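*Asks:* With the sequence up front, the predicted model follows.
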Amino acid sequence: MDKHSGQKRAQHYLFPPIEPFDQRMMDVGDGHSIYVEQSGNPKGMPVVVLHGGPGGGCSPAMRRYFDPTVYRVILFDQRGCGRSRPHATVEHNTTWHLVADIEMIREELNIEDWIVFGGSWGATLSLLYAQTHPDRVAALVLRGVFLMMQRELDWFYGGGAGQFWPENWARFAGLIPEDEQHDMVAAYHKRLFCGDRDTEVKYARAWASWENALASMNSAGASGHAPAEYARAFSRLENHYFINGGFLDRDDQILANMDRISHIPGFIVQGRYDMICPPYSAYELAKRWPNARLRMIHNAGHALSEPGISSELVQAMKDLAD
């Protein structure tokens, strides 16, 4: 575990944009079809990228962390978001559906094992997939660790982060009557699933804005006006997962099951000033994972695009390629 990455390290830049060589819709059952793409080297080391949220969707920028001559890069939109269909739906949409979808993608693409790369909720899903299928994971590369624990939800939706961003918290909480503000996840759930689209979009934008405004260390607190369909999918799916505790059997499930993946090499890249997923979770995870290397990036928050975080993730992928 390396907790002292304040020392100077070489800057590793993102790779140039690359186009997919394969794009498809995959029927995963339950009425869901998910978007899957491949880019880079078709004969290269396979790496699957798990996006955040839940509900964030993948983007072309996510391909740029991998040397396209070395890696076969698999991206997909999880159920209900991005180009996957049906959009913004929570029916047949749980953590265990997503774990099964990842394994279906691996089998469909005829991959023996692969590197799993994920940040935020993508880190949660990476760990749960690895604990379910440890023989299929060659390595884990995680960023902005989220363990799907109640203390993490309490921090972000119970006013902890709001003490650092009081003006943003006031806008987020101010849409909810005072007598409901003791449980913001439940209060937003009622409105995000009320059946009136305009109301759902209004609260979806507020939910997404609260999170997006805090993502970068250099944020001034403004997050723009998210497109209605993106905000609705992102916020409904995220809220659905959070109100159900990530569909886990126990609050500390990931930490309790780390013995299942203790042999798997791991890289944990964590922003020191991450307001969405504070560093404590990454630190606790690394303590239970003898084969993981923790890099605490001192001048960084949560976002994948933070320069120090991007640089360290590129370096991790270079290390795995050597």
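*Replies:* Everything's here; your move.
*Asks:* For the stretch 1-150 of the chain, just list every one of the helices.
*Replies:* 95-108, 121-132, 150-157 (DSSP state H, counting those that start in this stretch).
*Asks:* Other residues contacting the first one?
*Replies:* When contacts are defined by C-beta atoms under 8 Å, 6 or more residues apart in numbering, helix 95-108 is touched by residues 26, 28, 30, 32, 34, 36, 48, 50, 54, 74, 76, 78-79, 114, 125, 128-129, 132-133, 136, 241, 246-248. All C-beta spots, glycine's among them, are computed from the backbone N, C-alpha and C.
*Asks:* 6 Å instead, please
*Replies:* Residues outside helix 95-108 that contact it (C-beta atoms under 6 Å, 6 or more residues apart in numbering) are 28, 36, 78, 125, 128-129, 132-133, 246-247.
*Asks:* quick one: which of the residues you listed is nearest residue 66?
*Replies:* Of all those, residue 66 sits closest to residue 36, with 16.3 Å by C-beta to C-beta.
*Asks:* circling back to that earlier point, with neighbour count, pLDDT and distance to residue 106 added, can I get the contacts of helix 95-108 in JSON lines?
*Replies:* Output for the contacts of helix 95-108, formatted as JSON lines (neighbours: other C-beta atoms under 10 Å; pLDDT from 0 to 100; distance: C-beta to C-beta, whole Å):
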{"residue": "28", "neighbour count": "22", "pLDDT": "98", "distance to residue 106": "13"}
{"residue": "36", "neighbour count": "25", "pLDDT": "98", "distance to residue 106": "11"}
{"residue": "78", "neighbour count": "28", "pLDDT": "98", "distance to residue 106": "15"}
{"residue": "125", "neighbour count": "25", "pLDDT": "98", "distance to residue 106": "14"}
{"residue": "128", "neighbour count": "22", "pLDDT": "99", "distance to residue 106": "15"}
{"residue": "129", "neighbour count": "26", "pLDDT": "99", "distance to residue 106": "10"}
{"residue": "132", "neighbour count": "18", "pLDDT": "98", "distance to residue 106": "12"}
{"residue": "133", "neighbour count": "17", "pLDDT": "98", "distance to residue 106": "8"}
{"residue": "246", "neighbour count": "22", "pLDDT": "98", "distance to residue 106": "22"}
{"residue": "247", "neighbour count": "17", "pLDDT": "98", "distance to residue 106": "21"}
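*Asks:* and of those, the nearest to residue 204?
*Replies:* residue 78 (17.1 Å).
*Asks:* Give me the pLDDT value at the closest residue in space to the closest one that isn't next to it in sequence.
*Replies:* Excluding its sequence neighbours, the residue lying closest to residue 78 (C-beta to C-beta, 6 or more residues apart in numbering) is residue 98, at 5.5 Å. Note on residue 98: pLDDT of 98.
*Asks:* what does residue 226 give?
*Replies:* 84.
*Asks:* Repeat that for residue 219.
*Replies:* Looking at residue 219, the pLDDT reads 77.
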